[in-house]
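Student: Please work out how this folds:
(2 chains)
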Amino acid sequence: MTLSLKVAIAAMVGSLVPGIAVAMLLARGRFFGRQFLDAVVHLPLILPPVVVGYLLLLTFGRRAPVGAFLAEHFGIVFAFRWTGAALACAVMGFPLLVRAVRLSVEAVDRRLEQAGETLGAGPVWVFFLVTLPLILPGILAGMVLSFARAMGEFGATITFVSNIPGETQTLPTAIYTFTQVPGGEGGALRLTLVSIVLSLMALWGSELFARRLQRRLAA
Amino acid sequence: MANVSIRNIRKSFGPVAIIKGVNVDIEDGEFVILVGPSGCGKSTLLRMIAGLEDITDGEIRIGPRVVNDVPPKDRDIAMVFQSYALYPHMTVAENMAFSLKLKGASQAEQKKRIQDAASSLGLLPLLDRYPRQLSGGQRQRVAMGRAIVRDPQVFLFDEPLSNLDAKLRVQMRTEIKELHQRLKTTTVYVTHDQIEAMTMADKIVVMHDGIVEQIGAPLDLYDRPANLFVAGFIGSPAMNFLDGTLEEGGLRLPSGALLPLDRRPPLQAGAKATYGVRPEHLEIVAAGTAGTIPATVAVVEPTGSDTTVIVKAEGGNLTVVVRDRVSLKPSDPVGLKPMARQTHLFDEHGQRVADA
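Tutor: Numbers count the residues shown, from 1 in each chain, chains lettered A, B, ... in the order given. I've put the predicted structure just below:
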């Protein structure tokens, strides 16, 4: 259970910065290949999770090009490690995060940013002083979605990093294991309850926070 | 403070030309108003001065410096938006401190500058409020305060009063004018409201369809409009126009009436021309008087200080404003007598005829 939390939180935090960057790019950028990037980001949403897991295995497996490179030069190994589970969850949750952030970026009144420019702020300052505070609710919503997706992620995880107790076994894969053995119903039920409680807590926590933010941002 | 020089400015969005070669010189400390109907390019021009729109062609200088490629933050301007563009996540004080923080001003200096601006705008009791807790007029003042605190070379206003109700608009008009008289910072102000332009500006730039129709002091534009567009746009109620043909001795209207002209226009007899006369320069006299326009009363609108009379004449309705109490009833026949030396003549291209 703690492992599942660790995986989900790592996935959420790890995808945060790239998620915001991609969302900004998709919402504001006018460049060749924007449609393509959009499609690639959304792929995990429509592909079967097993396919995503297999693609990850092909890319980040120990003998796969990227995986071997990372292992050799940085000592980072994803395959059959909890970090791999986190990567799988991050990829699966990425489109949800990007969508939520992108919507909030598109809702930002450009004149607020332009006012910042006329008051002496460059693009970087405008982003941190104006845009970022305004899109916080969207980021929060995206984080919750990404976290929830990570907590429930099964197909990509089990395909990419298998189901190793103590290393890559997350809540859903553990429940799955329990249901596969005779007399495991008790354990499965217990974990199911845990899963429900964790998810509700995350939802309520973010709801509370979001309401506070919204009140602050209401024009 | 600085002067602003706009030279042969053009702006196109794709194949659509929005601004078609505009020249304006704005003196140091001057209050200049860009006015025109919506879509005339006035806001685009302002945004080009601010650096929020690219310049397709031409040159803009602020002071001695060409700013075509200078980003907005380095142009040393401050802009007030129609929507106020206040930061909802910052208090009034934080909004006003925005430019000071970026400049790296000390806490003490920030506090002093904000206090100064806030007290001059009556915002002192509101400094800890958030924009959502303010009324429209208060938000407008905060937006102005934020601009003042920056102490820029040029203030840019983009229709700042359009979102306010009529009464507040009149009040803010006076406040902005007072503010300018106190700070004497060069100001460029965009509005579609010709009354705002007339009451506030040192100099008005009338724009229409991406070109400048006329530049001048408010009363110059009112007394000597350069063309039919300016004549019709400036002044409320609008100037009356009568089309006719020039003859020896005056302008012949299609109805047969001959309007005397007090000066000989430099136009051939037989030329088509448009005669313009403002509502307050028409006198209502007995029907049938020679040299008057025959008409019948349609509507009488007393406002208290004066009375607007709308009459039907051949070729359309005319508006007359009289200061005295009148006892006219709808469908009364009247004659309209233009006051000598208060009339305007435009040639068939709509250009003012020299001293008609």
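Student: Quick one: name the residues of chain A near chain B.
Tutor: Chain A comes close to chain B at residues A:109, A:111-112, A:114-122, A:125, A:129-130, A:133-134, A:216-219, as judged by Cβ under 8 Å from any Cβ of the partner chain. (Each C-beta comes from the backbone N, C-alpha and C, glycine too.)
Student: What subset of those is buried?
Tutor: A:111-112, A:114-121, A:125, A:129-130, A:133-134, A:217 (16 or more other Cβ atoms under 10 Å in any protein chain shown).
Student: Show me what stretch B:176-185 is in contact with.
Tutor: Here stretch B:176-185 makes contact (Cβ atoms under 8 Å, 6 or more residues apart in numbering or on different chains) with B:1, B:29, B:31, B:120, B:144, B:148, B:152-155, B:157, B:160, B:187, B:189, B:199-200.
Student: what's the answer for stretch B:120-136, then?
Tutor: By Cβ under 8 Å, 6+ apart, the residues outside stretch B:120-136 that reach it are A:216, A:218-219, B:84, B:86-88, B:90-93, B:95, B:114-115, B:117-118, B:138-139, B:141-142, B:144-145, B:148, B:163-165, B:168, B:175, B:179, B:182.
Student: what does stretch B:312-319 give?
Tutor: By Cβ under 8 Å, 6+ apart, stretch B:312-319 touches B:237-238, B:240, B:242-243, B:253-255, B:279, B:282, B:293-296, B:298, B:308-311, B:336.
Student: need the contact list for the closest residue to chain A within the stretch 251-356 of chain B.
Tutor: Closest to chain A within the stretch 251-356 of chain B is residue B:350: 36.4 Å, counting by Cβ to the nearest Cβ. Going by Cβ under 8 Å, 6+ apart, residue B:350 touches B:227-229, B:274.
Student: how far away is the closest residue in space to residue A:184 that isn't next to it in sequence from residue B:334?
Tutor: In space, and not counting its chain neighbours, residue A:184 is closest to residue A:178: 3.6 Å by Cβ to Cβ, 6 or more residues apart in numbering or on different chains. Taking Cβ to Cβ, to the nearest Å as the criterion, residue A:178 is separated from residue B:334 by 100 Å.
Student: Up against chain A, what does the stretch 1-150 of chain B have?
Tutor: B:50-52, B:71-73, B:75, B:77-79, B:81, B:83, B:85, B:87-89, B:98-99, B:102-103, B:130-132, B:146-147, B:150.
Student: Tell me the helices and strands packed up against the lengthiest helix in chain A.
Tutor: Looking across chain A with DSSP state H, the single longest helix is helix A:185-217. In terms of contacts (3 or more Cβ pairs under 8 Å, 6 or more residues apart in numbering or on different chains; DSSP states H and E), helix A:185-217 is packed against helix A:132-152, helix A:171-180.
Student: correct me, but residue B:204 touches residue B:215?
Tutor: Yes. Contact between residue B:204 and residue B:215 holds when scored by Cβ atoms under 8 Å: they sit 7.2 Å apart.
Student: if you count what's nearby, which of those two comes out ahead?
Tutor: Each of residue B:204 and residue B:215 has its neighbours counted (other Cβ atoms under 10 Å in any protein chain shown); residue B:204 has more, 28 against 18.
Student: List phi and psi for the nearest residue to residue B:278 once chain neighbours are set aside.
Tutor: Counting by Cβ to Cβ, 6+ apart, residue B:278 lies nearest to residue B:239, which is 5.1 Å off, once chain neighbours are set aside. Dihedral angles phi and psi of residue B:239 (degrees, to the nearest 10) take the values phi -60, psi 150.
Student: ok, residue B:239 - contacts?
Tutor: Per Cβ under 8 Å, 6+ apart, neighbours of residue B:239: B:225, B:231-232, B:276-279, B:344.
Student: do the same with residue B:51
Tutor: Listed by Cβ under 8 Å, 6+ apart, the contact set of residue B:51 reads A:117-118, B:67, B:70-72, B:75, B:77.
Student: Repeat the analysis, applying 6 Å as the threshold.
Tutor: Going by Cβ atoms under 6 Å, 6 or more residues apart in numbering or on different chains, residue B:51 touches B:72, B:75.
Student: Distance of it relative to residue A:189?
Tutor: Residue B:51 sits 64 Å away from residue A:189, going by Cβ to Cβ.
Student: Run through the strands of the stretch 51-200 of chain B in chain order.
Tutor: For the stretch 51-200 of chain B, applying DSSP state E, counting those that start in this stretch gives strands covering B:57-62, B:65-66, B:77-80, B:154-158, B:186-191.
Student: ranking those strands by burial, who's on top?
Tutor: strand B:77-80 (a mean of 28; mean count of other Cβ atoms under 10 Å in any protein chain shown).
Student: you'd agree residue B:30 is up against residue B:202?
Tutor: Yes. At 5.0 Å, residue B:30 counts as touching residue B:202 under the criterion of Cβ atoms under 6 Å.
Student: Give me the more crowded residue out of those two.
Tutor: Neighbour count, other Cβ under 10 Å: between residue B:30 and residue B:202, residue B:30 has more, with 19 against 15.
Student: So what does that one have for phi and psi?
Tutor: With angles defined as degrees, to the nearest 10, residue B:30 sits at phi -80, psi 150.
Student: how about stretch B:311-330 as CSV, C-alpha atoms only?
Tutor: Only the C-alpha atoms of stretch B:311-330 are listed here, as CSV (Å, rounded to 0.1, in the frame of the first residue of the first chain):
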residue,chain,number,x,y,z
VAL,B,311,-38.1,68.1,-38.0
LYS,B,312,-39.0,66.4,-41.3
ALA,B,313,-37.6,68.1,-44.3
GLU,B,314,-37.2,67.0,-47.9
GLY,B,315,-34.3,64.5,-47.9
GLY,B,316,-34.7,63.4,-44.3
ASN,B,317,-34.9,64.4,-40.7
LEU,B,318,-33.0,67.4,-39.4
THR,B,319,-32.2,68.1,-35.8
VAL,B,320,-32.4,71.6,-34.2
VAL,B,321,-31.3,72.5,-30.7
VAL,B,322,-32.8,75.6,-29.2
ARG,B,323,-32.0,77.1,-25.9
ASP,B,324,-35.2,79.0,-25.4
ARG,B,325,-38.5,77.4,-24.4
VAL,B,326,-40.5,76.7,-27.5
SER,B,327,-44.2,76.0,-28.0
LEU,B,328,-44.1,73.7,-31.0
LYS,B,329,-46.3,70.8,-31.7
PRO,B,330,-45.8,67.9,-34.0
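Student: Quick one: mark the members of the contacts of residue B:239 that sit in helices.
Tutor: The helices, defined by DSSP H, take in B:231-232 from those.
Student: Quick check on the contacts of residue B:239: which are buried?
Tutor: The neighbour count (16+ other Cβ under 10 Å) marks B:225, B:231, B:276-279, B:344 as buried among these.
Student: quick one on the thing from earlier: can I get the helices and strands packed on helix A:185-217 in TSV including mean pLDDT?
Tutor: Formatted as TSV, the helices and strands packed on helix A:185-217 follow (pLDDT from 0 to 100):
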stretch	mean pLDDT
helix A:132-152	88
helix A:171-180	88
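Student: tell me the most buried of these?
Tutor: By mean count of other Cβ under 10 Å, those have helix A:132-152 as the most buried, with a mean of 22.
Student: for it, packing partners?
Tutor: Applying 3 or more Cβ pairs under 6 Å, 6 or more residues apart in numbering or on different chains; DSSP states H and E, we find helix A:132-152 packed against helix A:2-28, helix A:82-107, helix A:185-217.
Student: now the angle from it to helix A:2-28?
Tutor: Counting by axes from the mean of the first three to the mean of the last three Cα atoms, to 10 degrees, helix A:132-152 lies at 140 degrees to helix A:2-28.
Student: Show the contacting residues for residue B:277.
Tutor: Taking Cβ under 6 Å, 6+ apart as the criterion, residue B:277 is in contact with B:240, B:338, B:343.
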